[in-house]
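Colleague: Pasting the sequence and the predicted coordinates here, then a few questions.
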Amino acid sequence: MRTIVTYDTHHGTAKRLAEIIANKLGCNCIDVDTPFMAEDETSYDAIVLVFGFRGPYTAQLTKLFLNRMAGKLANKHVIVVGEGIFSDKEFPSVADSLKELAKPLSFHSYFTKGELRMNTLTFEESHLLGKFAELTGMKLADMGEFSETEAGKIADNISEFLAGAPVVEAEVQKRWVCSVCGYIHTGDNPPEECPTCHQPSTAFKPLS
Ligand SMILES: Cc1cc2nc3c(=O)[nH]c(=O)nc-3n(C[C@H](O)[C@H](O)[C@H](O)COP(=O)(O)O)c2cc1C
């Protein structure tokens, strides 16, 4: 199963979660904004998308990302993993709308607690969350409890599902990754030069 894990993060938690999942699956883990992603998505059977909730902007980038690749996800297994501090009830409807956009071959979604790293928040973010704390009576310091154990359980579930899921395209093409910038090339041989960071072909390593 050729799988890629992508994440959309502001403060690093979605990245951490994505890395735990990718580690379990033994696959690459990249930021959704990484340019080569859009060119290479056709070579995956499964895509795991990890994002953190951010109030009114929740999943906005994720939706844009899915819109961009909607047609290409139609034949893939799509797994959406959301994390946040209080939107667990809202998550299923966000997941449903992502499913509607992606029209995937199969769809799974998971929600887990995110983390609030106070020292990384901007003034506006602290202000917004301060207001939220005031309204709900929830202490700011008590918000967010990212758990590696929970993340590990999600990774196990995804791994178990993918192990039994059908592979879409039977033909497995050879792939090469640039060891400097992570650009992925599909073909019998590595390219003469990396189109992203201009390293020579010797910088490319075969990808299993
Ligand atoms: C400005 C801001 C708004 C947030 N809004 C929500 C929200 O609406 N629902 C929620 O569950 N969590 C919310 N959170 C918590 C984040 O989802 C949590 O901090 C998450 O771990 C952030 O992911 P990241 O570290 O990958 O950016 C918000 C956090 C910030 C900073």
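Modeller: Structure's in. What do you need?
Colleague: Verify the contact between residue 182 and residue 28 for me.
Modeller: Yes - counting by C-beta atoms under 8 Å, residue 182 does reach residue 28; the two are 7.4 Å apart. For glycine as for every other residue, the C-beta is placed from the backbone atoms N, C-alpha and C.
Colleague: So these two - more neighbours on which side?
Modeller: residue 28 (19 against 15; other C-beta atoms under 10 Å).
Colleague: so what's that one up against?
Modeller: 4-5, 22, 177, 182, 184, 207 (C-beta atoms under 8 Å, 6 or more residues apart in numbering).
Colleague: Go through those and say which is closest to residue 131.
Modeller: Nearest to residue 131 among the contacts of residue 28 is residue 5, at 33.5 Å by C-beta to C-beta.
Colleague: what's the spacing between that closest one and residue 185?
Modeller: The gap separating residue 5 from residue 185 is 19 Å, by C-beta to C-beta, to the nearest Å.
Colleague: Compare these two (neighbour count), which wins?
Modeller: When neighbours are counted by other C-beta under 10 Å, residue 5 and residue 185 differ, and residue 5 comes out ahead with 26 against 20.
Colleague: what about the chain, any weak spots by pLDDT?
Modeller: Filtered on pLDDT under 70, the chain yields the residue ranges 35-42, 56, 59-72, 168-173, 208.
Colleague: Mind jotting down where the helices sit in it?
Modeller: Remark: helices assigned in the chain by DSSP state H are 13-25, 36-40, 60-73, 91-102, 123-136, 148-164.
Colleague: most tightly surrounded among those helices?
Modeller: Mean neighbour count (mean count of other C-beta atoms under 10 Å) peaks for helix 13-25 among those, with a mean of 22.
Colleague: list the helices and strands that helix packs on?
Modeller: Packing partners of helix 13-25 (3 or more C-beta pairs under 8 Å, 6 or more residues apart in numbering; DSSP states H and E): strand 3-8, strand 28-31, strand 46-52, strand 77-84, helix 148-164.
Colleague: I'd like these laid out as TSV, including distance to residue 15.
Modeller: Output for those, formatted as TSV (distance: least, C-beta to C-beta, whole Å):
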stretch	distance to residue 15
strand 3-8	5
strand 28-31	8
strand 46-52	8
strand 77-84	11
helix 148-164	11
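Colleague: now these as TSV including distance to the ligand?
Modeller: As requested, the helices and strands packed on helix 13-25 are arranged in TSV below (distance: least, C-beta to the nearest ligand atom, whole Å):
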stretch	distance to the ligand
strand 3-8	7
strand 28-31	11
strand 46-52	2
strand 77-84	2
helix 148-164	11
